[in-house]
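# Sequence first, then the predicted structure:
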Amino acid sequence: MYILVVSATRKEIEPVVARMNLEQQIIPSRLTRYNFLNHSVDVLITGVGILPSSFWLGKILSNGNYDFAINCGVAGSFSNALTLGEVVNITEDYLIEMGAENDAQFISLDAMQLIDAKDFPYTALGVKSTYDFENPALANIKKVNGITVNKVHGNTASIHRDMALYHSLHGKPVVTESMEGAAFLFACIQEKVPCVQLRAISNYVEKRNTDTWKLDIAIKNSCEKVLEVMSSYADEN
């Protein structure tokens, strides 16, 4: 299988890279090819945020012929029902900042009639994965919905505001926050590459307090899951 593993930072993917055999560096500091079991695995380091992720994913996916893509990283959780370090599969992602303000009122792209069917896979409710997997290594992971942001939340007032906004638009609570997830899903679905966004919870979305974050265990757990998923597909080759 020809697999693309995408991460915003090298740190978030190091435990996976350490288990694979280097084949060649394709784009210095960005794209490197490895082999793992009977897979050929390209690891793409996009950089943090929607902008670099969109650019690099568009460039790499349009030139590749991948069978499967995995987004490996960390996320914040709005919900205490998830434990720190827990790995989730984010299947719905929404750009909570995309729209307009009318004083205190938020106006979505849909309300302004600036989004329609031709913009699929981005819809009025964001981007939703069109892929479902029967593989037990994936099926056993909680599927959750999230938002992708340019500025992570760290202020109580803005957290409550955007949680309420999301609920009013989607009719359910928002669960996770990342800085690249929607770009990953959008690019992969657009290029018809089966994909999964696997992230481990590094922190709760609250007033910023990095002393409570569990970044190392989140990275360890997300990378172990990625290795487990790739190993499970090795049996099918």
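Noted; the coordinates are in hand.

# Phi first, then psi, for the closest residue to residue 130 other than its chain neighbours.
The shortest distance from residue 130 to any non-neighbouring residue, by CB to CB, 6 or more residues apart in numbering, is to residue 189 (5.6 Å). For every residue, glycine as well, the C-beta is placed using N, CA and C. When read as degrees, to the nearest 10, the backbone of residue 189 gives phi -70, psi -40.

# Spit out the contact partners of residue 189.
Taking CB atoms under 8 Å, 6 or more residues apart in numbering as the criterion, residue 189 is in contact with 121, 127, 129-131, 195.

# The same query, at a cut-off of 10 Å, please.
120-122, 127-131, 195 (CB atoms under 10 Å, 6 or more residues apart in numbering).

# how close does it get to residue 168?
26 Å (CB to CB, to the nearest Å).

# again with residue 230
Counting by CB to CB, the gap from residue 230 to residue 168 is 39 Å.

# Who has more neighbours out of these two?
residue 230 (22 against 10; other CB atoms under 10 Å).

# And the helix or strand harbouring that one, what does it pack against?
Using DSSP states H and E, residue 230 maps to helix 215-234. Applying 3 or more CB pairs under 10 Å, 6 or more residues apart in numbering; DSSP states H and E, one finds that helix 215-234 contacts strand 2-7, helix 14-17, strand 31-36, strand 39-45, strand 68-77, strand 87-94, helix 136-139, strand 195-204.

# Next up, the contacts around the residue positioned nearest the centre of the chain.
The residue lying closest to the centre of the chain (CA atoms, centre = their mean) is residue 181, at 3.0 Å. Residues near residue 181 by CB under 10 Å, 6+ apart: 8, 50, 53, 71, 73, 75, 90, 92-95, 126-127, 146-149, 197, 199.

# Residue 190 now?
57-58, 61-62, 120-122, 127.

# can you rerun that using 7 Å?
By CB atoms under 7 Å, 6 or more residues apart in numbering, the contact list for residue 190 reads residue 121.

# Next one: it from residue 121, what distance?
Remark: distance between residue 190 and residue 121 (CB to CB) = 6 Å.

# helix, strand or coil for the closest residue to residue 93 other than its chain neighbours?
Distance criterion CB to CB, 6+ apart; nearest residue to residue 93, sequence neighbours excluded, is residue 182 at 3.8 Å. Secondary structure, DSSP: H, G, I helix; E, B strand; the rest coil: residue 182 is helix.
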